[in-house]
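> Return a 3D structure for these sequence lines:
(4 chains)
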Protein chains: 2
Amino acid sequence: MRHIRTKISDVARLAGVSTATVSRVLSNPAMVSADTRAAVQSAVAATGYRPNMAARNLRHRRTGGIVALVPDLANPFFSKILSGIASVLGPAGYNLLIADTRTSGAERLLDYAEPSRADGLIVLDGSLPAEALRGRVPLVEACEWVPDLAAPRVRIDNASAAGLAVAHLADLGHRRIGHVSGPAGNVLTQARLAGTAAALAARGLPFPQTAIHDGDFSLEAGQRAAALWLAQPADHRPTALTFASDAMACGFIGAVQRHGIRVPQDVSVVGFDDIELIAHITPALTTIRQPHAALGRVAAQRLLAVLAGQPGAEDTILPVELVIRSSTAAPAPGR
Amino acid sequence: MRHIRTKISDVARLAGVSTATVSRVLSNPAMVSADTRAAVQSAVAATGYRPNMAARNLRHRRTGGIVALVPDLANPFFSKILSGIASVLGPAGYNLLIADTRTSGAERLLDYAEPSRADGLIVLDGSLPAEALRGRVPLVEACEWVPDLAAPRVRIDNASAAGLAVAHLADLGHRRIGHVSGPAGNVLTQARLAGTAAALAARGLPFPQTAIHDGDFSLEAGQRAAALWLAQPADHRPTALTFASDAMACGFIGAVQRHGIRVPQDVSVVGFDDIELIAHITPALTTIRQPHAALGRVAAQRLLAVLAGQPGAEDTILPVELVIRSSTAAPAPGR
DNA sequence: AATGTCAATGTAATCGATTTCAGCCGCCAG
DNA sequence: CTGGCGGCTGAAATCGATTACATTGACATT
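Got it, this is the predicted structure:
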């Protein structure tokens, strides 16, 4: 049981060389003669030496860490993306630091955007202040984005994704289609709402204010939307709804089912995200599949490219997919 | 737009003092006279100086980071716990580093258990090799644990939690109760299986091998268990099942429903974990609620206590709760 | 007046690795 | 025999902050 950290000078002394040589063996072995190299390597093995990262980082003026700024770590949607990020960053030799932007104050955010804290930033929260991030550490945005922040973005085409959902419902014959949106001010909310409106307009279908429910991505918002929907007269309310998140769709379905409403016979539901569980509920949810892991992976790769000196400011748009399951059907006759 | 990092000597020069004084103003202001302090503070403000963490860490022989070793970052169960960890670590001035033990190889694990990488470790994966973690960085275990590793553990009483589920079903009148377990070798699997067996034995109920399905916590395992259950003759198969995870329970319910089986009328189901969504599916899942966020918070607090020099090696057991929803009912008469 | 105390500040060592620069040695060409 | 070159190595500077120790001057004590 070794208690004192062995440092490079210990190894050097044991091997009978200078610290410079030890360092070279570790980082650029070809530079050192075979004999010395072997001596150093066995000294390293004997002492169990591992370089001190803080010292190395200080000298290299880098940290080896990349921070992901997440709005809500507890949300499974984000954890999938983080998983994708981690799968790229780990093998590339970077540490993944995670900061929950809701938990930590604005002051801390500035700390994270510090070159001495992290070499780069992956921003998953579009509601952060642009000025706190501008002109600091290299960053990319994933999924969400901060308006007015010029940074590479890895995302989906939210408007046309929302349009896919509408098209599917319209093709089934629905004419009164509603939408439950995300939180006000969120960039995704706006894009998906706009895409919904555009797709409806393109088919000459109405989209009155009463067909839009303000949500916030949460299960509870889905339940609230259900209460409002149930309160509308059955021959006026939408026969189908698109949701800005699967969680809301799930909350809606659970709530209306408890009132004897059948999905999809009485109302069709399309979610958004394709989180894992919702393929297994009854009815299995029709939804827009986001490539969660790929979003994270690509964002991480883009950031690595930026760090390697390849600027490339354009956005990366990943494809989505309409996954048709059992929560959508043609509207009941006469509705 | 400032491009060169300002360092402490720049501030010192501007304020007309030595770097030592600047450092003291920043870390121990009371040590410096009011005049000098004001001069330094305005120089700091003027330059926008922020200390270099690598240099500070090197000098302090600490990293300011804590690593969480997670088996599967994409699993919502773990992300809730991480969220709890983050909520404690952030305010305490620590960075949270996350490593996915499945993604990163065993070599990397050793790196993370390095004092120069992290000041402490929170282990959420009980399948890691004890020898890789022993005698290194201070650590605590949460939820799962590594056998033979003497470290503070923050967890629930898995055996009695599993017993709660059995008791509930037995009280409803079920006599053939099955269990779908976690992956072989997992400490939780063993504890929950043992608790299930003990509770059944205490009530004189049978627990044959055929009533145990080997799972792995995943949705798919639940589906597989459903196929096996469906294949058993209706008057011999269990009238109720307890699951080692909600995900498996969810996969089971979805699969049997597709075969016309009604839950809970035809079979009762009890999950484990109480992940968010399963309260909103139909039927709402009866389950054992784990205090996810609290597990993370307490684990983080215990680690901070260890780092502060309070050893305290005993386990912390957090309470669980049986949440009765709609997936359990008395067995059909005559079964 | 000599001495001690204390507060405020500066000087320089330190944390541990990397890297520049210079020196040494051996060998080859002139 | 000498100048030059290339391969290998070590001494020392460096990264940027913290802190042990030394210094200064003001003031109190005897």
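
> For chain A, just list every one of the strands.
Per DSSP state E, chain A carries strands over the ranges A:65-70, A:95-100, A:120-123, A:139-142, A:153-156, A:177-180, A:212-213, A:240-243, A:268-270, A:287-289, A:316-318, A:321-323.

> so which of those strands is the most packed in?
Highest mean neighbour count of those: strand A:240-243, a mean of 31 (counted as mean count of other Cβ atoms under 10 Å in any protein chain shown). Glycine gets a C-beta too; all of them are placed from N, C-alpha and C.

> Show me what that strand is packed up against.
Contacts defined by 3 or more Cβ pairs under 8 Å, 6 or more residues apart in numbering or on different chains; DSSP states H and E place strand A:240-243 against helix A:158-172, strand A:177-180, helix A:219-231, helix A:246-257, strand A:268-270.

> Could you report the neighbour count for the closest residue to residue A:194 other than its chain neighbours?
In space, and not counting its chain neighbours, residue A:194 is closest to residue A:159: 5.4 Å by Cβ to Cβ, 6 or more residues apart in numbering or on different chains. For residue A:159, the neighbour count with other Cβ atoms under 10 Å in any protein chain shown is 17.

> quick one: pLDDT of residue A:159?
pLDDT for residue A:159: 97.

> cool, and residue A:3?
At residue A:3, pLDDT is 52.

> The one 10 residues further on now?
Here, the pLDDT recorded for residue A:13 equals 95.

> same question, residue A:106
Reported pLDDT for residue A:106: 65.

> Next: residue A:277.
Residue A:277 carries a pLDDT value of 90.

> Same question for the one 4 residues further on.
Per-residue confidence (pLDDT) for residue A:281: 91.

> What of residue A:128?
89.

> now residue A:218
For residue A:218, the model assigns a pLDDT of 94.

> For residue A:266, see how far away the closest residue to it other than its chain neighbours is.
Nearest residue to residue A:218 in three dimensions, chain neighbours excluded: residue A:247, at 5.9 Å (Cβ to Cβ, 6+ apart). Using Cβ to Cβ, to the nearest Å, one gets 21 Å for the distance from residue A:247 to residue A:266.

> Residue A:248 against residue A:229, yeah?
No: at 11.9 Å, residue A:248 does not count as touching residue A:229 under the criterion of Cβ atoms under 8 Å.

> who's more crowded, these two?
The residue with more neighbours, out of residue A:248 and residue A:229, is residue A:248; 31 against 21, by other Cβ under 10 Å.

> List the contacts of that one.
By Cβ atoms under 8 Å, 6 or more residues apart in numbering or on different chains, the contact set of residue A:248 is A:180, A:215, A:217, A:218, A:219, A:221, A:222, A:225, A:271.

> Skipping its backbone neighbours, what lies nearest it in space?
Excluding the flanking residues, the one nearest residue A:248 by Cβ to Cβ, 6+ apart is residue A:222, at 3.7 Å.

> What is the burial count for that neighbour?
Using other Cβ under 10 Å, residue A:222 is surrounded by 30 other residues.

> One more: the one 5 residues further on?
Residue A:227 has 13 neighbouring residues, counting by other Cβ under 10 Å.

> same check, this time on the one 10 residues further on
By other Cβ under 10 Å, 18 other residues sit near residue A:237.

> hmm, back to that, identify the residues contacting the residue nearest to residue A:194.
Counting by Cβ under 8 Å, 6+ apart, residue A:159 makes contact with A:191, A:192, A:194, A:195, A:198.

> go with 6 Å
A:191, A:194, A:195 (Cβ atoms under 6 Å, 6 or more residues apart in numbering or on different chains).

> Okay, it and residue A:320: tell me how far apart.
11 Å.

> residues from the stretch 201-335 of chain A in reach of chain B?
Residues of the stretch 201-335 of chain A lying near chain B by Cβ under 6 Å from any Cβ of the partner chain: A:219, A:250, A:251, A:254, A:257, A:277, A:280, A:281, A:282.

> Return the member of these nearest to DNA strand D.
DNA strand D has its nearest neighbour among those in residue A:219, at 44.9 Å by Cβ to the nearest atom of the strand.

> Residue of the stretch 101-250 of chain A closest to DNA strand C, please.
When scored by Cβ to the nearest atom of the strand, the stretch 101-250 of chain A has residue A:116 as its residue closest to DNA strand C, at 13.6 Å.

> tally of neighbours for that residue?
Residue A:116, neighbours per other Cβ under 10 Å, totals 21.

> follow-up on the earlier one: out of residue A:247 and residue A:266, which sits in the more crowded spot?
Ranked by neighbour count (other Cβ under 10 Å), residue A:247 and residue A:266 place residue A:247 first, with 29 against 17.
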